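In: Structure of the sequence below:
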Amino acid sequence: MSASTPRTELPPSIRTGVAVLLFVILGFALLTANIFLGIFSAIALGITVFVLHLFHRLVIAIEEIANKM
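Out: Residues are numbered from 1 along each chain as shown. Next up, the predicted model:
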């Protein structure tokens with residue numbers, strides 16, 4: 001088995017995609033004059049990204065433990 005080091009950071013394309021999605025949400029909210037929908041969508045997206053980040057860290061921790069065995 002080859003021991004490769006796991007990635008500890010998300011690729012920059014993920015960060016760019018989230019930023020673009022936030023700007024699209026903001027633009028849609030301003031276009032439809034429904035700012036509460038935009039705020040709710042941005043908060044929901046932020047919570048989703050945070051949970052996925054925690055899951056990503058969990059997977060990396062498990063991979064590091066497996067590599068040390």
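In: Quick check: which ranges of the chain have low pLDDT?
Out: 1-10 (pLDDT under 70).
In: redo that, cut-off 80
Out: Within the chain, the ranges that satisfy pLDDT under 80 run 1-12, 14-15, 18, 22, 25-26, 28-30, 33-35, 37-38, 41-42.
In: Just give me the residue closest to the centre of it.
Out: Most central in the chain under Cα atoms, centre = their mean is residue 49, positioned 3.4 Å from the mean C-alpha point.
In: who touches that one in this structure?
Out: residue 18 (Cβ atoms under 8 Å, 6 or more residues apart in numbering). Heads up, the C-betas are built off the backbone N, CA and C, glycines and all.
In: Burial check on residue 45, number of neighbours?
Out: By other Cβ atoms under 10 Å, 14 other residues sit near residue 45.
In: these two touch, right, it and residue 24?
Out: No: counting by Cβ atoms under 8 Å, residue 45 sits too far from residue 24 to count as a contact (10.3 Å).
In: what comes up buried for the strand or helix carrying residue 36?
Out: Element membership for residue 36 (DSSP states H and E) is helix 35-68. By neighbour count on 16 or more other Cβ atoms under 10 Å, the buried set for helix 35-68 is 38, 41, 49.
In: Switch these over to CSV; also include distance to residue 59.
Out: Listed next are these as CSV, based on distance: Cβ to Cβ, whole Å:
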residue, distance to residue 59
38, 31
41, 27
49, 15
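In: do you know how far residue 23 is from residue 37?
Out: Per Cβ to Cβ, to the nearest Å, residue 23 is found 15 Å from residue 37.
In: Next: residue 28.
Out: Taking Cβ to Cβ as the measure, residue 28 falls 8 Å from residue 37.
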